[in-house]
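Peer 1: Quick check, what structure comes out for this input:
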Amino acid sequence: MSSAVQRLDWVRRNGIVRGSGDGYLLKSREDLAQIARDAANRAMQRGAQQVVASANEVAGIVMRARGGVFGSAVREGKQVVSIRVFDRGRTGTATTSALTRAGLDLAAERAIAIARTVEPDPDAAPAADEWLARSASEVPMFEPSNLTAQDLGGMALEIEEAALATGGGSVRVNDAGAASIDASAAMAIGRDFDRSLVASRHDIWCSAIAEQDGMMVQDSWSSSDRRVSQLLPPFMVGRTAADRALRKRGGRTVDTQTCSILFDAPVAASLVYDIVGALTGAAQYRGATFLTGGKGAQALSGHVDLLEDPFEPYGLGSGVCDSEGVASIHRFVISGGRVEDYFLSCFYARKLGLQPTGNADGVRNLHFTSRHPPRSTAALLRLLDRGLWVTELIGGAVDPVTGTYSKAAAGFWIENGAIAFPVQDITIAGELPVMLRQIVAIGGDVHRSGAVRTGSVLIESMRIAGR
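Peer 2: Numbering: from 1, shown residues only. Down below sits the predicted model:
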């Protein structure tokens, strides 16, 4: 039975339906929008030349299971207003959780006072009017679950029970939980621009420990979505976490050597984040990047694309604008391995003489893909033939300037396209500028890690330090 069919069956059996209203939120979207406008107006009344004000609320429930009972229950709830003022290149920011007039006035006065103490920078200013998302259509991101603590606790217990049943006495559950969170945000720039959004996010997860001959190994699995009906069934999350831990038992090191390496899809997302870090405005402006060739440079294999799609319905990284109000863009950041664009806030866009890209508060939905026909995990292992399949990165570092890459890893040794034995106690190393140009394939086994989607990534050659 496919995961999609199992998900649908679980949804029907448990009566999961689309929530309604404001979910866990205490303030309506309109309430927050008015608070943001009030904050901006009150700051301008006190002498601020330009103001960006935001009002945010996060609310929800987090439940964990341990030993067949509820291990912990947390009711999330936070309301915050942030006021950022600009005065001839000087900026000051203050926040408050007091949403009264007195609280907003005090935050505005503090922001203005801070701005008076800093050195001016001519590039420190709000977004230019032509950059603002005035007419962008809404992206659906809100589907509240309205699940109770008892509902979420039941999901956590089901996860734990499935993991323990899969292990048959060889598995312990380190953490099993379920969370449902709703969030709302509104911003106002001066007196003539405001936008707001409301979003939901639901998560279930499991961390399992497997034991053999006194040695313990750990692995995990999770599912996240803005719609609770699209989560994996809880029992599948528990079962998968236990299976992943069990198959790692009996791991050993390998000889120090150079070979091909396949990054499992959940692990491969870290490579995408390394690319993102190198293409931020801060990295490019300061020269603290291993991708120094500028736009048009051939930085990756010619079959590789990196697409940013801010408008994906219910995407975990969706949004019509960033925290500066700059309109989001559907674009190729990497096309055919060439750098097409950066991730820019207004400040660094001005520093670089470019247009901002709507990434002041991070990346949108990124799709790391190959123009070659998609391959399954099994097909990628056959293509690897002999080498290392990395399923876990444990520690280490990447030098953001040189791209020198060195991380402790675990996974499986592959011979003739099949698993030979689990591997542990090794370090993998390389140079990211070389590694990215040696991407042989990106799989069709796509996994979503936050705002990043990628399949497994096969690198032609890296160094393994073992025995």
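
Peer 1: what about the helices in the stretch 301-450 of the chain?
Peer 2: Assigned by DSSP state H, counting those that start in this stretch, the helices in the stretch 301-450 of the chain fall at 346-352, 377-384, 432-437.

Peer 1: Revised request: answer the last question for the stretch 1-150 of the chain.
Peer 2: Under DSSP H, counting those that start in this stretch, the stretch 1-150 of the chain gives helices at 3-13, 29-45, 101-115, 149-167.

Peer 1: and these, which is most packed in?
Peer 2: helix 149-167 (a mean of 22; mean count of other CB atoms under 10 Å). For glycine as for every other residue, the C-beta is placed from the backbone atoms N, C-alpha and C.

Peer 1: Could you list the buried residues of whichever helix or strand comes after that one?
Peer 2: Going down the chain from helix 149-167, the next helix or strand is strand 171-189, by DSSP states H and E. Across strand 171-189, burial judged by 16 or more other CB atoms under 10 Å covers 171-173, 175-189.

Peer 1: Just the C-alphas of stretch 167-179, formatted as PDB.
Peer 2: C-alpha atoms of stretch 167-179 as PDB (Å, rounded to 0.1, in the frame of the first residue of the first chain):
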ATOM      1  CA  GLY A 167      11.700  -3.000  17.100                       C
ATOM      2  CA  GLY A 168      10.400  -6.100  18.800                       C
ATOM      3  CA  GLY A 169      12.200  -5.300  22.000                       C
ATOM      4  CA  SER A 170      15.400  -4.000  20.400                       C
ATOM      5  CA  VAL A 171      14.200  -0.400  20.100                       C
ATOM      6  CA  ARG A 172      13.600   2.400  22.600                       C
ATOM      7  CA  VAL A 173      11.900   5.600  21.700                       C
ATOM      8  CA  ASN A 174      13.900   8.700  22.600                       C
ATOM      9  CA  ASP A 175      11.200  11.200  21.500                       C
ATOM     10  CA  ALA A 176       7.800  10.900  19.900                       C
ATOM     11  CA  GLY A 177       5.600  13.900  19.500                       C
ATOM     12  CA  ALA A 178       2.900  15.800  17.600                       C
ATOM     13  CA  ALA A 179       2.400  19.600  17.300                       C
END
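
Peer 1: what sits up against it?
Peer 2: 60-66, 152-153, 155-157, 159-160, 163-164, 202-212, 218, 220, 234, 238, 242, 245-246, 249 (CB atoms under 8 Å, 6 or more residues apart in numbering).

Peer 1: Tell me the gap between it and the middle of its chain.
Peer 2: For stretch 167-179, the separation from the chain centroid amounts to 24 Å (computed by CA atoms, centre = their mean, to the nearest Å).

Peer 1: about what we covered before: would JSON lines of the helices of the stretch 301-450 of the chain with mean neighbour count be doable?
Peer 2: As requested, the helices of the stretch 301-450 of the chain are exported to JSON lines (neighbours: other CB atoms under 10 Å):
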{"stretch": "helix 346-352", "mean neighbour count": "20"}
{"stretch": "helix 377-384", "mean neighbour count": "18"}
{"stretch": "helix 432-437", "mean neighbour count": "20"}
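
Peer 1: Determine which of those approaches Asp225 most closely.
Peer 2: helix 377-384 (22.0 Å; CB to CB).

Peer 1: helix, strand or coil for Leu271?
Peer 2: State at Leu271, reduced to three classes by DSSP: H, G, I helix; E, B strand; the rest coil: helix.

Peer 1: Low-confidence regions, the protein specifically.
Peer 2: Within the chain, the segments meeting pLDDT under 70 span 1-20.

Peer 1: at 90 instead, please
Peer 2: 1-22, 71-73, 76, 135-137, 168-169, 191-192, 211-215, 395-396, 467 (pLDDT under 90).

Peer 1: Relative to His372, how far out is the residue nearest in space to the middle of it?
Peer 2: Centroid check for the chain by CA atoms, centre = their mean gives Gly450 as the closest residue, at 3.0 Å. According to CB to CB, to the nearest Å, Gly450 and His372 sit 25 Å apart.

Peer 1: follow-up on the earlier one: of the contacts of stretch 167-179, which belong to strands?
Peer 2: Members of the contacts of stretch 167-179 lying in strands (criterion: DSSP state E): 60-66, 202-212, 218, 220.

Peer 1: re earlier: closest to Asp399 out of the helices of the stretch 301-450 of the chain?
Peer 2: So among the helices of the stretch 301-450 of the chain, helix 432-437 is nearest, using CB to CB, at 8.7 Å.

Peer 1: Tabulate the helices of the stretch 1-150 of the chain (TSV), appending distance to Ala133.
Peer 2: Shown next, in TSV, are the helices of the stretch 1-150 of the chain (distance: least, CB to CB, whole Å):
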stretch	distance to Ala133
helix 3-13	34
helix 29-45	15
helix 101-115	24
helix 149-167	34
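
Peer 1: Relative to Ile334, which of those helices is closest?
Peer 2: helix 3-13 (29.3 Å).

Peer 1: tell me the contacts of Lys332?
Peer 2: Heads up, residue 332 is Phe, not Lys. Residues in contact with Phe332 (CB under 8 Å, 6+ apart) are 305-308, 340-341.
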